[in-house]
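Novice: just coords:
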Ligand code: NDP
């Protein structure tokens, strides 16, 4: 089976050598499911790997819009509808200057298996644009979102493809996108999740990814007879996920001591101050450099002072590391530093934050490692609760939704840990998550025939 996997990886390298992140994520998934492939050789006979790595549909489109000075700008829009074997495509929209088709292919591929780890029926997709919301006025963001939706509306729908937010796309952008979707389709339905609470949004959706990651973390530590209480935690990012990770960590009496944004990182030994973080990053979009004005004992290290070959935030020694900003924020050098610092747990909250060699280093150095596709599934889980509330015109309470999220995250941990054990790799949650997600999607694809 190794030869089969290697031949597939060689094939992708040849046909799309420029899609490095996609190749990285396909390599991670396929190499870790070899034990499952060996137990199921018939998958090769039906070319399952060839089919599962190919997105069902890739859309790119022009997004013209007019800025506040009357100048016409053009960005590129994307939607990768990766796999609908177990349900309609579901996954976020990202607005970030550095995205390309590679970003959305890798995110859509990862999302397919993440969604399969939940107990819900949702396929995988992802999309967005190279539009940079930093420094744009509200009116510019609205005009951009309207233009973006004037093409996307043809491809999405409550039973077809249901986008949500991601980096650079919060409630405000989702509101503008939904307004335009409703005008163009004359439908008020759940074709987008992450909506504001006033028009179809769900309680707990904003908090779900970060809170879910911490519920997962506590369950994981408990299974090692440990607990989050009194643990120091290095968190990266200062957006939706990072903020809610930090907030929930305090509820478990852990001490989050770092956070970061595109301008640098903060080390606050006494614990990150939630009120300041909320004011700077949730209510406004200011630089973390301003954090030290109200917390003079905290340190801000600007990005220009970062090393060339690694991420300075991982210099801070902590018991737990929870990356929550973006992909590839932990490379092999960072991993070596994290191990040297005596960290016990690495729990990935952003999508694919660790490179393949970093993950391998963690695993071979006995770090307890949890992969993002399991840890950050809480967001998509609560998005599906939003969809079901929209379909039934009902609204569930915060308490019910929080309880459902907690139970789902614990179940994901137990399921992947059991799967890892079943295949002879106890404690390797990468193998557990990839085999469990892959098995569900592959089984559905086989039962649906060659389509
Ligand atoms: P946000 O846009 O709310 O926050 C992202 C944070 O990371 C910001 O602080 C941003 O800095 C920083 N950041 C982004 N890109 C970079 C970069 N290249 N270098 C340094 N810092 C960077 O996004 P989310 O919190 O929603 O998403 C974070 C991660 O979690 C992503 O990987 C996303 O795919 C994943 N995720 C999110 C879900 C959700 O429900 N939101 C669900 C599942 C996964 P600045 O403030 O300066 O812009």
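Specialist: Noted; the coordinates are in hand. All figures in this text were calculated on a predicted structure; none of them were measured in a lab.

Novice: gap between the residue nearest the centre of the chain and the ligand?
Specialist: Central residue of the chain (Cα atoms, centre = their mean): residue 351, 3.8 Å from the mean position. For residue 351, the distance to the ligand (Cβ to the nearest ligand atom, to the nearest Å) stands at 4 Å. For every residue, glycine as well, the C-beta is placed using N, CA and C.

Novice: Show the contacting residues for that residue.
Specialist: Contacts were defined as Cβ atoms under 8 Å, 6 or more residues apart in numbering; by that measure residue 351 touches 107, 110, 326-327, 372-373, 376.

Novice: which of those residues are buried?
Specialist: Buried residues within the contacts of residue 351, counting neighbours by 16 or more other Cβ atoms under 10 Å: 107, 110, 326-327, 372-373, 376.

Novice: Reformat these as TSV; add pLDDT and secondary structure.
Specialist: As requested, the buried ones among the contacts of residue 351 are arranged in TSV below (pLDDT from 0 to 100; DSSP: H, G, I helix; E, B strand; the rest coil):
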residue	pLDDT	secondary structure
107	98	helix
110	98	helix
326	96	coil
327	94	coil
372	98	helix
373	97	helix
376	98	coil
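
Novice: Pretty sure residue 243 sits against residue 280.
Specialist: No: Residue 243 is not in contact with residue 280 according to Cβ atoms under 8 Å; the separation is 10.3 Å.

Novice: In the stretch 101-250 of the chain, what residue lies closest to the ligand?
Specialist: For the stretch 101-250 of the chain, the residue closest to the ligand is residue 239, as judged by Cβ to the nearest ligand atom, at 1.7 Å.

Novice: how close does residue 107 sit to residue 165?
Specialist: For residue 107, the distance to residue 165 equals 13 Å [Cβ to Cβ, to the nearest Å].

Novice: intersection of neighbour lists for these two?
Specialist: Any residue near both residue 107 and residue 165 by Cβ under 8 Å, 6+ apart counts here, and that gives residue 92.

Novice: quick check: mean pLDDT across stretch 389-405?
Specialist: Averaging pLDDT along stretch 389-405 yields 96.

Novice: And stretch 245-262, by the same measure?
Specialist: Mean predicted confidence for stretch 245-262 is 98.

Novice: So what's the residue count around the nearest residue to residue 103 once chain neighbours are set aside?
Specialist: Spatial nearest neighbour of residue 103, chain neighbours left out: residue 21 (6.4 Å); criterion: Cβ to Cβ, 6 or more residues apart in numbering. For residue 21, the count of nearby residues is 21 (other Cβ atoms under 10 Å).

Novice: next one: residue 135
Specialist: Number of residues near residue 135 (other Cβ under 10 Å) recorded here: 7.

Novice: what separates it from residue 289, distance-wise?
Specialist: 16 Å.

Novice: again, but for residue 128
Specialist: Distance from residue 128 to residue 289, counting by Cβ to Cβ: 27 Å.

Novice: all strands of this structure, in order?
Specialist: Using DSSP state E, the strands of the chain run over 57-66, 72-83, 89-95, 123-129, 161-164, 232-235, 255-261, 264-267, 299-302, 320-322, 345-347, 368-370.

Novice: For residue 437, find the nearest of these.
Specialist: strand 123-129 (9.5 Å; Cβ to Cβ).

Novice: Is any residue of the closest one near the ligand?
Specialist: No: shown here: strand 123-129 not in contact with the ligand (Cβ under 6 Å from any ligand atom), separated by at least 8.5 Å.

Novice: for stretch 393-407, same thing?
Specialist: No: judged by Cβ under 6 Å from any ligand atom, stretch 393-407 makes no contact with the ligand; its nearest approach is 12.0 Å.

Novice: and that stretch, which residues are buried?
Specialist: Of the residues in stretch 393-407, 396, 401-402, 405-406 count as buried by neighbour count, 16+ other Cβ under 10 Å.

Novice: and which of the residues you listed is nearest residue 68?
Specialist: Nearest to residue 68 among the buried residues of stretch 393-407, with distances taken as Cβ to Cβ, is residue 401, at 38.5 Å.

Novice: so how far is the first residue of stretch 199-210 from its last?
Specialist: Its first and final residues considered, stretch 199-210 spans 23 Å by Cα to Cα, to the nearest Å.

Novice: Show me what counts as buried in that stretch.
Specialist: 200-210.

Novice: could you dump those to JSON lines with distance to the ligand?
Specialist: Shown next, in JSON lines, are the buried residues of stretch 199-210 (distance: Cβ to the nearest ligand atom, whole Å):
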{"residue": "200", "distance to the ligand": "17"}
{"residue": "201", "distance to the ligand": "13"}
{"residue": "202", "distance to the ligand": "12"}
{"residue": "203", "distance to the ligand": "15"}
{"residue": "204", "distance to the ligand": "11"}
{"residue": "205", "distance to the ligand": "8"}
{"residue": "206", "distance to the ligand": "8"}
{"residue": "207", "distance to the ligand": "9"}
{"residue": "208", "distance to the ligand": "7"}
{"residue": "209", "distance to the ligand": "4"}
{"residue": "210", "distance to the ligand": "8"}
